[in-house]
Each structure stands twice: as structure tokens, then as C-alpha cells.
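Colleague: Requesting a structural model of the entry that follows:
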Amino acid sequence: MTAEPAMSRRERTRSATLDEIKSTARELMHEQGSTDVRFTDIARAMGLSAPALYRYFDDRDELISALISDGFDSLGAAVAAASAPIDDADILGRWVAAAGAYRDWARDEPQRFALVLGMPVPGYSEPTEGMTTEAASRAMSQLSALFVAAAERGELRPPLIREASPELAVCQELKHEGQAELLPPESFQALLQTWAMLHGLVSLEVNGNLDWLTPQARDELFLSQVRLAALTAGLADPAA
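Modeller: Okay, here's the model as predicted:
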């Protein structure tokens, strides 16, 4: 393999400044408890003028897009690292590990979680394609990979709900061309429902709606929800 050429001093300086702008924006989001960060606030925290930031990002939307892309990549890396040590044949174990990592990342990074999978940032217009959608696809494809792996091993059981709208099959083909050969529409629907069950409970917890439960109760509720999702979707054997 041909090694990539080393960056020049100017390129290294620019890359470091880009990273500093993004890390400053994340710190401000954390301090403010909001994803609605402004160029003027970032520039002030860095000791720069607001116009100076436009040498690195065309506008705030481009910065937010970069932060969302980084957030999805961070989430995807956490999920991948958690499930990697689990034997490939242990589909349920990989799902439990991945779900736990999803939860842990969201609790550790509540503002980034809100940024990538929460309410829209005020005034932000997300591009219909590009870095954010590609990063989201990379991160979320890990769940579909579990379903595909289970199907390839002949271990994906019919989901509890087997009636699926024909529209879902159309959407599946548009987003995951060729996947229907392994995942019928009802299993694709179950995949989406599995993510919804995971994300819904994690969102309730991250937003403090489950604070009335003890930490142990929240842990046990989460594990039962993860198991319920697997049973409903056909990832686990009901008799096990």
C-alpha cells in the first residue's frame, strides 16, 4: 500500500483549528444544555472574531453538519467496539452489547445524542445527502447487520408482527438495495421497531423521565426491554 503523503505545516494547523472549533462547539453545547450554538459564542470562546470562523466553515449549517457526522461516527465506533469481542455466532449477545453501548454513549454524551438523534437544531437545514446521511448510515447499519447475520445463519425467526405495509418494501429497496433477499418486509419492519424500542427507552432515560426509578431498576428495565425487542423481532429464541 502507498502511504498517504504527510500533511504540510499549514494543513496541520488548519486541521487542528477545525478540531478546536468543533470541540469548542461541543463544550458550549454541554455547558448550555442545548444544541443551539452560535458562531459568535464559539469565536468568543476561542478568542477569535466571528468572521474568522468562515475561513473554516462556510456557515453554521456546515459546522452543525460536521458535528452531526462526527457524532454518528462516535456512536458507531462505540457500538462496534462493544460488540466486536462477542462471538459472531452469538447474535443475541452482540445485540445486547450493541444496545448497551448505544445507551452508555447517549448517557455520556447527552448533547451529542440530542444533536444526532433528537430534536432538530433551530434554524439548521440538514442536507438531504452528504456527510451526515453517510455517517448515519454507517452507524445505524450495525443493527441491520445483526439481522442480516442472523438470516445468513438461518437463525432469524419470524417476527411477532408479520403484517407489513407494501410501502415498507419500497422504502427498504430504495435504502438497502438487494437486502430483501435476506430480510423480508416483515423482518425489515421488525428491524425498525427494534431500533425504535431501544431509542425510545434510551431517550426517556437521557431526558430524565426515568429518574424516579433507582439506577438498578433502570438497568433491569433496560435489559428487559432489549430482550423484549429481540424476542419480538425474531433475534432470540422464545424458548431459550
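Colleague: How about the helix or strand of the chain with the lowest mean pLDDT, which residues are buried there?
Modeller: In the chain, no helix or strand scores lower on mean pLDDT, DSSP states H and E than helix 166-175, which sits at a mean of 83. Of the residues in helix 166-175, A169, Q172 count as buried by neighbour count, 16 or more other C-beta atoms under 10 Å. To be clear about C-beta, it is placed using only N, CA and C from the backbone, and glycine gets the same treatment.
Colleague: could you say what helices and strands the helix or strand just after it packs with?
Modeller: Helices and strands here follow DSSP states H and E; after helix 166-175, the next one along the chain is helix 185-206. Helices and strands touching helix 185-206, as assessed by 3 or more C-beta pairs under 8 Å, 6 or more residues apart in numbering; DSSP states H and E, comprise helix 91-108, helix 110-117, helix 131-152, helix 166-175, helix 215-233.
Colleague: how's the chain carved up into domains?
Modeller: As assigned by automatic domain parsing, the chain contains the domains 1-57, 73-233.
Colleague: Tabulate those (a markdown table), appending distance to L67.
Modeller: What follows is the domains of the chain, written out as a markdown table (distance: least, C-beta to C-beta, whole Å):
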| stretch | distance to L67 |
| --- | --- |
| domain 1-57 | 6 |
| domain 73-233 | 6 |
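Colleague: Ok, which of those domains comes nearest S65?
Modeller: With C-beta to C-beta as the measure, domain 73-233 is the member of the domains of the chain nearest S65 (5.2 Å).
Colleague: first to last residue in the closest one, what's the distance?
Modeller: The first and final residues of domain 73-233 sit 26 Å from each other (C-alpha to C-alpha, to the nearest Å).
Colleague: Output the helices and strands packed on helix 185-206 in JSON lines; the columns should cover distance to L201.
Modeller: Shown next, in JSON lines, are these (distance: least, C-beta to C-beta, whole Å):
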{"stretch": "helix 91-108", "distance to L201": "8"}
{"stretch": "helix 110-117", "distance to L201": "13"}
{"stretch": "helix 131-152", "distance to L201": "15"}
{"stretch": "helix 166-175", "distance to L201": "23"}
{"stretch": "helix 215-233", "distance to L201": "5"}
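Colleague: And the ones you listed: which comes nearest Y56?
Modeller: Of all the helices and strands packed on helix 185-206, it is helix 131-152 that lies closest to Y56, at 15.1 Å by C-beta to C-beta.
Colleague: For the closest one, which helices and strands make contact with it?
Modeller: Contacts of helix 131-152 with other secondary structure elements, assessed using 3+ C-beta pairs under 8 Å, 6+ apart, are made with helix 60-83, helix 91-108, helix 185-206.
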